[in-house]
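**Student:** below: sequence and its predicted model.
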Amino acid sequence: MAEARIIDGKGFAASLRARIAVAVEDLRTRHALVPGLAVVLVGEDPASQIYVRNKGEQTREVGMHSVTHRLPVDTSQEGLLRLVNQLNQDPSIHGILVQLPLPGHIDTQAVLSAIDPAKDVDGFHVVNTGRLSVGLPALVPCTPLGCMMLLKDTLSDLRGMNAVVIGRSNIVGKPMAQLLLAADCTVTIAHSRTRDLPAVARQADILIAAVGRPEMVRGDWIKEGATVIDVGINRVPARDPAAAAAGKTRIVGDVAYAEAAAVAGAITPVPGGVGPMTIACLLSNTVTAACRAAGVAVPAGVGL
Ligand code: GUN
């Protein structure tokens, strides 16, 4: 069996951003519409600061309006809700993203529920999760949306395939399962309590790993020729013991890549697979939200 085809998420994300940039320019000139994204960060979590900076940069790079609100860690829930309400009312803002995790004194669900569902570019509001589950147009969470774009680009026809999603989070696992179901896959959601997880995984024509445990999915969990999508981003000690002792780290996925690539038909690498798709899909959702708000057709090649 030949080595798996590598699914180039980094390259796909770059081409998606290029299509978005063309669409944004077209919306500006033909409809006087400039999609706007507001990102809200509470506190100084280092990883969140990097994500938020990257979101702002990529938003501007495709020609969209970008606003970042950085609030102190002791911001009250009322203060945050006031800002969300102000952004809900702001006609220049079509997408609102409140970076998670929020500090412990803030009720995350209350904040997510306060975002206007039409501006909920994270797709976390119960209105959007409900719309997705009944097959109505919805804003879809960015990571599963990115996975689905890669799957549709890799496989000519998903219908009837066995899809196994490992992980049941609201951000990835559950919406991923809904998207696969909508694409006529036979879907299993597996999780930490699933009995004989390797045997369940081996049934998968499409295997999505979204558990957050480094290299948990082994080569012998994978059916020959399967398409493997690795959502994990886990920081582990560097391979070289001296470098590891010096505190050096590397990033691995939830899948043991070399083992899996020897069996799979296609696989996403980590890094360079799903990760780069997430922000590109956030931009895609912002264009979608802006077009729906303005009653303009969503440009081809921007959404799923
Ligand atoms: N933190 C980590 N991932 C995400 C995400 O997809 N959306 C938001 N808002 N915060 C996050």
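**Tutor:** Done, it's in. Quantities reported herein were computed from a predicted structural model and do not represent experimental measurements.
**Student:** and the residue lying closest to Asp45 once chain neighbours are set aside, which of the three is it?
**Tutor:** Residue nearest to Asp45 in three dimensions, not counting chain neighbours: Pro101, with 7.2 Å by C-beta to C-beta, 6 or more residues apart in numbering. To be clear about C-beta, it is placed using only N, CA and C from the backbone, and glycine gets the same treatment. Pro101 falls in the coil class when you classify it by DSSP: H, G, I helix; E, B strand; the rest coil.
**Student:** in CSV, list the C-alpha atoms belonging to the helix or strand harbouring Arg82.
**Tutor:** Using DSSP states H and E, Arg82 falls within helix 77-89. Output of helix 77-89 as CSV, limited to C-alpha atoms (Å, rounded to 0.1, in the frame of the first residue of the first chain):
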residue,chain,number,x,y,z
GLN,A,77,-19.7,40.0,32.9
GLU,A,78,-22.0,43.1,32.6
GLY,A,79,-19.2,45.1,31.0
LEU,A,80,-18.6,42.3,28.4
LEU,A,81,-22.3,42.0,27.7
ARG,A,82,-22.5,45.7,27.1
LEU,A,83,-19.8,45.5,24.5
VAL,A,84,-21.4,42.5,22.8
ASN,A,85,-24.7,44.5,22.7
GLN,A,86,-22.9,47.5,21.2
LEU,A,87,-21.4,45.3,18.5
ASN,A,88,-24.8,43.6,17.8
GLN,A,89,-26.1,47.2,17.0
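**Student:** which other residues reach the following helix or strand past that helix?
**Tutor:** Beyond helix 77-89 in the direction of the C-terminus, DSSP H and E gives the next helix or strand as strand 95-98. With contact meaning C-beta atoms under 8 Å, 6 or more residues apart in numbering, strand 95-98 is reached by 35-40, 42, 55, 80, 84, 87-88, 111-112, 115-116, 119-122, 282, 285-286, 289-290.
**Student:** now with 7 Å, please.
**Tutor:** 37-40, 84, 87, 111, 115, 119-122, 282, 285-286, 289 (C-beta atoms under 7 Å, 6 or more residues apart in numbering).
**Student:** that one near the ligand anywhere?
**Tutor:** Yes - where contact is defined by C-beta under 6 Å from any ligand atom, part of strand 95-98 touches the ligand, namely 97-98.
**Student:** in CSV, could you pull the C-alpha coordinates for that strand?
**Tutor:** Taking Å, rounded to 0.1, in the frame of the first residue of the first chain, the C-alpha atoms of strand 95-98 are listed here in CSV:
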residue,chain,number,x,y,z
GLY,A,95,-19.2,39.0,12.6
ILE,A,96,-18.5,38.9,16.4
LEU,A,97,-16.0,36.5,18.0
VAL,A,98,-15.4,36.4,21.7
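**Student:** helices along the stretch 101-250 of the chain, start to end?
**Tutor:** In chain order, the stretch 101-250 of the chain shows helices spanning 108-114, 126-134, 142-154, 173-182, 197-201, 241-245, with DSSP state H, counting those that start in this stretch as the criterion.
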